[in-house]
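[1] return atomic coordinates for the entry below.
(2 chains)
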Amino acid sequence: MATSTDMLFKTLADPTRRALYERLCREGETTVGALTDGSGVSQPVVSRHLAMLKQAGLVQDRPAGRQTHYRALPGALTPLTDWTSEMASFWDARFNDLENLLGRMDQ
Amino acid sequence: MPEVRTVVIERTLAHPPEKIWRALTQPHLIGEWLMQTDFQPVKGQTFTLRRQPRPDVNVVVDCRVLELEPNRSLSYTWDAFGLQSIVTFTLEPSAAGTVLRMEQSGFRPDQDAAYKGARASWPQFIAALDKLVATLD
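    Predicted structure coming up:
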């Protein structure tokens, strides 16, 4: 669990890969060619990033003739978006700030 | 059946309830520990909580005051990232000061929202990513 989460983070820590994944989330299934347009990098670089996203379980490919289509697998983000643990750590941090504030406040 | 999730945080603070109440209800103090806000201590009043963890990420939480009992309890709705929830603070005097308890109950109204959910939680995810990236070398 922790290992796969770390892998997700490391895979998405790269801004080009993150942008590709975000585009697939927003636009749905997209060809490698279309993803290359506007990405600012060459098609082999895009393909390499997509392969890493696939390895991390973030995207799935679908070869169709000469084109390969990719789509995002949003379920892969579940470990990162678990609401309960996100909110628990959020409130824990906020309570630290509250305690700090109370120490600085007048009675 | 909507999916219900609950988060409970409880902490003993070495301060009287009246002082903690100020930090929970005065906007300039709320801004120092929670988020920027236009909160007013009036039942039924709507307000927002806002923060910008990064220049390109805006977190906005839509809220409405549900219950308010000075120095005792405060409850408001908390809608963000496509998820509706209710936040309730209760203050209990103790020998050491005050036990502050925060309970947040969340409801996910649309069950088919896995895809939308991943998109809606993107800003939150980026914030979490930033935290983790800071710990990587």
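[2] pLDDT score for B:Glu67?
    Predicted confidence (pLDDT) at B:Glu67: the value is 97.
[3] could you do the one 4 residues further on as well?
    At B:Asn71, the model reports a pLDDT of 97.
[4] got phi/psi on it?
    With angles defined as degrees, to the nearest 10, B:Asn71 sits at phi 70, psi 10.
[5] swap in B:Leu34?
    In terms of degrees, to the nearest 10, the main-chain angles of B:Leu34 are phi -110, psi -80.
[6] relative to B:Leu49, how far out is it?
    6 Å (Cβ to Cβ, to the nearest Å). For every residue, glycine as well, the C-beta is placed using N, CA and C.
[7] ok, B:Lys19 next?
    Applying Cβ to Cβ, one obtains 21 Å for the distance of B:Lys19 from B:Leu49.
[8] repeat that for A:Asp92.
    With distances defined as Cβ to Cβ, the gap from A:Asp92 to B:Leu49 amounts to 17 Å.
[9] cool, and A:Arg18?
    Summarising the geometry, the distance separating A:Arg18 from B:Leu49, computed by Cβ to Cβ, is 26 Å.
[10] tell me where the chain has helices.
    No chain in the question, so chain A it is. If you assign secondary structure with DSSP state H, the helices in chain A sit at A:2-12, A:15-27, A:32-36, A:43-55, A:78-81, A:83-104.
[11] my bad, the chain I had in mind was chain B
    Taking DSSP H as the criterion, chain B contains helices spanning B:17-25, B:27-33, B:114-120, B:122-135.
[12] what's the burial count for the closest residue to B:Thr46 other than its chain neighbours?
    The spatially closest residue to B:Thr46, leaving aside those adjacent along the chain, is B:Arg64, at 4.8 Å (Cβ to Cβ, 6 or more residues apart in numbering or on different chains). Other residues within reach of B:Arg64, judged by other Cβ atoms under 10 Å in any protein chain shown, total 15.
[13] likewise for A:Leu73?
    Per other Cβ under 10 Å, the neighbour tally for A:Leu73 reads 20.
[14] coming back round to it: for the helices of chain B, which has the smallest mean pLDDT value?
    The stretch with the lowest mean pLDDT among the helices of chain B is helix B:114-120, at a mean of 45.
[15] if anything else comes up later, I'll come back, but that's it for now.
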